[in-house]
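Participant: next comes the sequence, and after it the predicted model I'd like to discuss.
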Number of protein chains: 2
Amino acid sequence: MTLETLARNRSCDGWHLRCRHRSATLACDMTFAVYLPPQAAHGARLPVLYWLSGLTCTDENFMQKAGAHRLAAELGLILVAPDTSPRGDGVPGDPDGAWDFGHGAGFYLNATQAPWATHYRMHDYVVHELPALVEANFPASAARGIAGHSMGGHGALVCALRNPGHYRSVSAFAPICAPSDCPWGEKAFTRYLGPDRAGWAAWDASLLLADAPERLPLLVDQGEADSFLATQLRPERLRAAAEAAGHPLTLRLHAEYDHSYYFIASFIDAHLRHHAAALAG
Amino acid sequence: MTLETLARNRSCDGWHLRCRHRSATLACDMTFAVYLPPQAAHGARLPVLYWLSGLTCTDENFMQKAGAHRLAAELGLILVAPDTSPRGDGVPGDPDGAWDFGHGAGFYLNATQAPWATHYRMHDYVVHELPALVEANFPASAARGIAGHSMGGHGALVCALRNPGHYRSVSAFAPICAPSDCPWGEKAFTRYLGPDRAGWAAWDASLLLADAPERLPLLVDQGEADSFLATQLRPERLRAAAEAAGHPLTLRLHAEYDHSYYFIASFIDAHLRHHAAALAG
């Protein structure tokens, strides 16, 4: 697997890199970002936190806006931010050019329906191909945490719930909690997975909780002034599912915070510490 | 002066606001951003750090990318980020649509030449109109610091050097140090100030240092891998001028850092502490 470095920026005594590679899983070129803390220069193999961004984002939003490098440098945590979908001229996007499906909106699942199934396999990319690439090319250990925002917050929960043993920690900011039952999720699942809702449960975090083979604690932060809260995010569904299943969930509601990166930057340090504690040793 | 709030985001227990107002100085509508730390809700009048951004930026870049809210919240520092030029349909921009002159490139001076002199009076806007607006509408004291990046780093130096007593602290990231003698500056000064170089010295930080009536210490950080270092920024000119004038300058060179916001975010905490110390009490 050849990795092309598109850009390098010194940041908080470490390095931020943008890398491009041919993805076999997605059948297209993909760009992702890595933050290597200063400890990476000293030969140690370091734990990795994978960050999944939300609708319309690329690998760049989290690295530029979350303010995560400072504490990651202190904690010795590698950060990896993939793109939010396959991209490129050969990759079909939303037929109407909408921003909530297709390019920038892969929903971190494996599509089963034409024409999406060829490229839209972000789950396998994020869970398997990308970590293999990261662990082969950077001083990364196999200690993995996963986190994300909105569509990516849900993606992080699903990646952890579907892959017991693969992650040691998981957290989310303002995740879509019940995609089978909200407009963004229903639109995406109908197209990527087909209209039969029986196939949706395997990609819905709230529905996966009942039979989760591993009870990895979930850390979720949610702003109460988030304009998507009631219609798209629905954290009450995740809370009810966690309570019914006896799954450990810390759901923190924050008065007056919204859906923006200002919210993420306000609480990113707590998430980094949560992951670093679980990934240590 | 009527202030319209365009957006409000809770951030680090404080508030980020985007505000629009009619600027009498610039004869156009202007948007600026404010970060109010949590202490602003408790009745205290707080010191203000004005941040001047670089070419192509708006009020948004610094607030989104510098990661400054976290420590400003701790230090009780208000942050204010104006736009980088007058804007709008009635404001002439670069005749060729270039990004280094006109819209997004006001150079924080008062233009004397037609057609620029009508609107391009960013110096008076930043030094007088904006602080008056901020101090009338927010719990801001008259304790002011000023900082900036690139074109805005130079702008901060010039604002401080031209206005003794108006600022208690000044700092810059990768400033254009000698605009009279670099391509960006020569293009801008020729148009805004006219071809007679005798009029340029009053807007050039390195040339202002000789006769500065106040010896406010300058803090400057510069990345050694900055692609604009040799042709546009030329910190050796500032160092020589400070040495000749006996002006206190701390110029720190950082190996491998570039011109990006990753560089700013890496060292913003040190600048915030520098300003907070000078602005306290």
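Facilitator: Everything's here; your move. Numbers count the residues shown, from 1 in each chain, chains lettered A, B, ... in the order given.

Participant: ok, A:Pro235 touching A:Gly223?
Facilitator: No: counting by CB atoms under 8 Å, A:Pro235 sits too far from A:Gly223 to count as a contact (10.4 Å). From N, CA and C alone the C-beta is placed, and that goes for glycine too.

Participant: any common contacting residues for these two?
Facilitator: Residues touching both A:Pro235 and A:Gly223 (CB atoms under 8 Å, 6 or more residues apart in numbering or on different chains) are A:229, A:253.

Participant: who's more crowded, the two?
Facilitator: A:Gly223 (27 against 23; other CB atoms under 10 Å in any protein chain shown).

Participant: check that one and give its pLDDT.
Facilitator: Listed pLDDT for A:Gly223 reads 98.

Participant: dihedrals phi and psi, it?
Facilitator: The phi and psi torsions at A:Gly223 (degrees, to the nearest 10) take the values phi -80, psi 140.

Participant: same question for A:Gly165.
Facilitator: According to degrees, to the nearest 10, A:Gly165 has phi 90, psi -10.

Participant: check the offset of stretch A:137-148 from the chain's centre.
Facilitator: Averaging C-alpha coordinates over stretch A:137-148 and over its chain gives two centres that are 13 Å apart (CA atoms, centre = their mean, to the nearest Å).

Participant: ditto for stretch A:227-235
Facilitator: 18 Å.

Participant: how about stretch A:11-19?
Facilitator: Mean C-alpha position of stretch A:11-19 versus that of the full chain (CA atoms, centre = their mean) differs by 20 Å.

Participant: what residue in the stretch 1-150 of chain A comes nearest to chain B?
Facilitator: A:Gly67 (3.4 Å; CB to the nearest CB).

Participant: let me know the secondary structure of that residue.
Facilitator: Secondary structure for A:Gly67, judged by DSSP: H, G, I helix; E, B strand; the rest coil, is coil.

Participant: how many other residues sit next to the closest residue to it other than its chain neighbours?
Facilitator: Excluding its sequence neighbours, the residue lying closest to A:Gly67 (CB to CB, 6 or more residues apart in numbering or on different chains) is B:Gly67, at 3.4 Å. For B:Gly67, the neighbour count with other CB under 10 Å is 26.

Participant: can you list the residues of chain A near chain B?
Facilitator: Taking CB under 8 Å from any CB of the partner chain as the contact definition, chain A meets chain B at A:9-13, A:16, A:64-65, A:67, A:69-70, A:223, A:225, A:254, A:256-258, A:260-263, A:265-266, A:269.

Participant: buried subset of these?
Facilitator: Listed as buried from those are A:9-13, A:16, A:64-65, A:67, A:69-70, A:223, A:254, A:257-258, A:260-263, A:265-266, A:269; burial here means 16 or more other CB atoms under 10 Å in any protein chain shown.

Participant: show me where pLDDT drops low in chain A?
Facilitator: A:1, A:281 (pLDDT under 70).

Participant: in it, where's the longest helix?
Facilitator: The residue-count maximum for a helix in chain A (DSSP state H) belongs to helix A:261-279.

Participant: what sits up against that helix?
Facilitator: Residues contacting helix A:261-279 (CB under 8 Å, 6+ apart): A:47, A:49, A:61-62, A:65-68, A:71-72, A:75-77, A:143-145, A:147, A:149, A:168-169, A:171, A:173-174, A:219, A:221, A:223, A:226, A:254, A:257, B:9-13, B:16, B:64, B:67, B:69-70.

Participant: what about the residues you listed, which are in helices?
Facilitator: Counting by DSSP H, the contacts of helix A:261-279 place A:61-62, A:65, A:71-72, A:75, B:64, B:69-70 in helices.

Participant: how about CSV for those, with distance to A:Asp94 added?
Facilitator: As requested, the ones in helices among the contacts of helix A:261-279 are exported to CSV (distance: CB to CB, whole Å):
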residue, distance to A:Asp94
A:Asn61, 19
A:Phe62, 23
A:Lys65, 24
A:Leu71, 36
A:Ala72, 34
A:Leu75, 38
B:Gln64, 26
B:His69, 34
B:Arg70, 36
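
Participant: nearest to B:Gly185 among those?
Facilitator: B:Gln64 (27.0 Å; CB to CB).

Participant: coming back round to it: what's the closest of the ones in helices among the contacts of helix A:261-279 to B:Thr84?
Facilitator: Checking the ones in helices among the contacts of helix A:261-279 against B:Thr84 with CB to CB, the nearest one is B:Gln64 at 14.7 Å.

Participant: can you tell me, leaving aside adjacent residues, what's nearest to the closest one?
Facilitator: B:Gln64 sits nearest to A:Lys65 (CB to CB, 6+ apart), 5.2 Å away.

Participant: how far away is the one you found from B:Leu71?
Facilitator: The gap separating A:Lys65 from B:Leu71 is 16 Å, by CB to CB, to the nearest Å.

Participant: and if you look at A:Phe62?
Facilitator: A:Phe62 is 20 Å from B:Leu71, by CB to CB.

Participant: more neighbours, those two?
Facilitator: For A:Phe62 versus B:Leu71, neighbours defined as other CB under 10 Å are more numerous around A:Phe62 (28 against 19).

Participant: wait, that one sits on A:Ala72?
Facilitator: No: taking CB under 8 Å as the definition, A:Phe62 is not a contact partner of A:Ala72, at 11.2 Å.

Participant: show me the common contact partners of the two, please.
Facilitator: Contacts common to A:Phe62 and A:Ala72, judged by CB under 8 Å, 6+ apart, are A:Leu79.

Participant: returning to what we had before: which ones are touching the residue nearest to A:Gly67?
Facilitator: A:67, A:69-70, A:265, B:265, B:268.

Participant: could you identify the most distant pair in those residues?
Facilitator: A:Ala265 and B:Ile268 (12.7 Å).

Participant: find the closest residue to chain B in the stretch 151-281 of chain A.
Facilitator: Counting by CB to the nearest CB, the stretch 151-281 of chain A gets nearest chain B through A:Tyr262, at 3.9 Å.

Participant: pull the contacting residues for the residue nearest to B:Gln64.
Facilitator: Taking CB under 8 Å, 6+ apart, one finds A:261, A:264-265, B:64-65 in contact with A:Lys65.

Participant: how many neighbours does the residue lying closest to A:Leu251 once chain neighbours are set aside have?
Facilitator: Distances taken as CB to CB, 6+ apart put A:Val220 closest to A:Leu251, at 4.8 Å, once the chain neighbours are dropped. Neighbours of A:Val220 under the rule other CB under 10 Å: 24.

Participant: hmm, A:Val220 is touching A:His247, no?
Facilitator: No: using CB under 8 Å, A:Val220 is not in contact with A:His247, being 11.7 Å away.

Participant: for the residue of chain A most remote from its centre, grab phi and psi.
Facilitator: For chain A, the residue at maximal distance from the C-alpha centroid (CA atoms, centre = their mean) is A:His42, at 28.0 Å. The phi and psi values for A:His42, taken as degrees, to the nearest 10, are phi -110, psi 20.

Participant: A:Glu4 now?
Facilitator: Residue torsions, per degrees, to the nearest 10, at A:Glu4 are phi -100, psi 130.

Participant: who does the residue nearest the centre of chain A form a beta bridge with?
Facilitator: Centroid-nearest residue in chain A, with CA atoms, centre = their mean: A:Leu52, separated by 2.2 Å. Beta-bridge partners for A:Leu52, by DSSP bridges, are A:Gly148.

Participant: list the contacts for it?
Facilitator: A:Leu52 makes contact with A:81-82, A:84, A:108, A:126, A:146-149, A:151-153, A:155-156, A:159, according to CB under 8 Å, 6+ apart.
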